[in-house]
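1. one predicted model, sequence on top.
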Amino acid sequence: MKIMYLIAAFIFIFCSLKVDAKSTHEIRSAFLYQMAKLIDFPEQKNKNATRFCFYDLNHGPGAILNKNNKLKIRGKPIEIIKIDISDPFRELSKRCDITYIDETKEDDILSAWTDTIALNMVTVGESIEFLEGGGIASLVQEGSKIRLYINRQEVAQHNFKVLSRLLAVSKFYPD
């Protein structure tokens with residue numbers, strides 16, 4: 001029965017993708033979009049949009065989602081926001097629901113956030129080290145596949161709720 005549930009979850013997530021995923025950036029952008037559908041953010045009913053924040057809107061997942069900005073989550077549009085490394089973390093936590101940090105910036109950004117991680121924002125990186133540094137989720141490339149890892153300890157300390165359908169298709173850190 002659990003296997004049937006997992007298969008159904010995979011089909012639900014990956015068959016409803018709005019992006020024809022080919023490159024790692026396209027796959028990561030599709031994961032981010034689908035993740036947002038399976039996370040209940042605080043006061044989500046009062047928000048006008050689900051807000052994705054990226055440091056780069058010209059390349060990577062941020063560029064792809066920015067081109068597909070007519071996508072909706074729970075009937076509300078997505079909003080793509082470009083942020084800067086110098087933006088204070090507390091300000092980002094007010095502006096962003098999901099903040100994506102590519103592997104080239106993970107060390108610089110997470111070290112500054114160590115004790116200030118907001119309780120309402122999902123931080124998504126690209127490596128296991130990102131999770132070790134306190135990140136919430138990571139889209140890790142393993143061979144030719146991208147796998148979603150979730151940091152159980154960090155999720156338990158935050159105000160958003162990760163739905164079981166997302167947990168069913170995730171790997172966990174630490175195991």
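-> Arrived safely, thanks for sending.

2. quick check: buried residues in stretch 71-83?
-> Within stretch 71-83, the residues that count as buried by 16 or more other Cβ atoms under 10 Å are 71, 73, 78-81, 83. C-beta here means a position set from N, CA and C on the backbone, and glycine is covered the same way.

3. what residues does stretch 129-138 touch?
-> With contact meaning Cβ atoms under 8 Å, 6 or more residues apart in numbering, stretch 129-138 is reached by 35, 101, 103, 106-107, 110-111, 113-114, 117, 122-128, 148-151, 154-155, 158, 170, 173.

4. show me which of the residues you listed are buried.
-> The neighbour-count test (16+ other Cβ under 10 Å) marks 35, 101, 106, 110, 113, 117, 122-128, 148-151, 154-155, 158, 170, 173 as buried among the contacts of stretch 129-138.

5. coming back round to it: which ones among the contacts of stretch 129-138 lie within strands?
-> 122-125, 148-151, 173 (DSSP state E).

6. next, format those as a markdown table and append pLDDT and distance to Asp40.
-> Conversion of those to a markdown table gives the following (pLDDT from 0 to 100; distance: Cβ to Cβ, whole Å):
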| residue | pLDDT | distance to Asp40 |
| --- | --- | --- |
| Val122 | 92 | 11 |
| Thr123 | 90 | 17 |
| Val124 | 94 | 16 |
| Gly125 | 94 | 21 |
| Leu148 | 97 | 17 |
| Tyr149 | 97 | 20 |
| Ile150 | 96 | 15 |
| Asn151 | 93 | 18 |
| Tyr173 | 91 | 22 |
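
7. next, format those as a markdown table and append distance to Ala137.
-> Listed next are these as a markdown table, based on distance: Cβ to Cβ, whole Å:
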| residue | distance to Ala137 |
| --- | --- |
| Val122 | 6 |
| Thr123 | 7 |
| Val124 | 5 |
| Gly125 | 8 |
| Leu148 | 6 |
| Tyr149 | 7 |
| Ile150 | 5 |
| Asn151 | 7 |
| Tyr173 | 9 |
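
8. closest one to Val162 out of the residues you listed, please.
-> Ile150 (6.9 Å; Cβ to Cβ).
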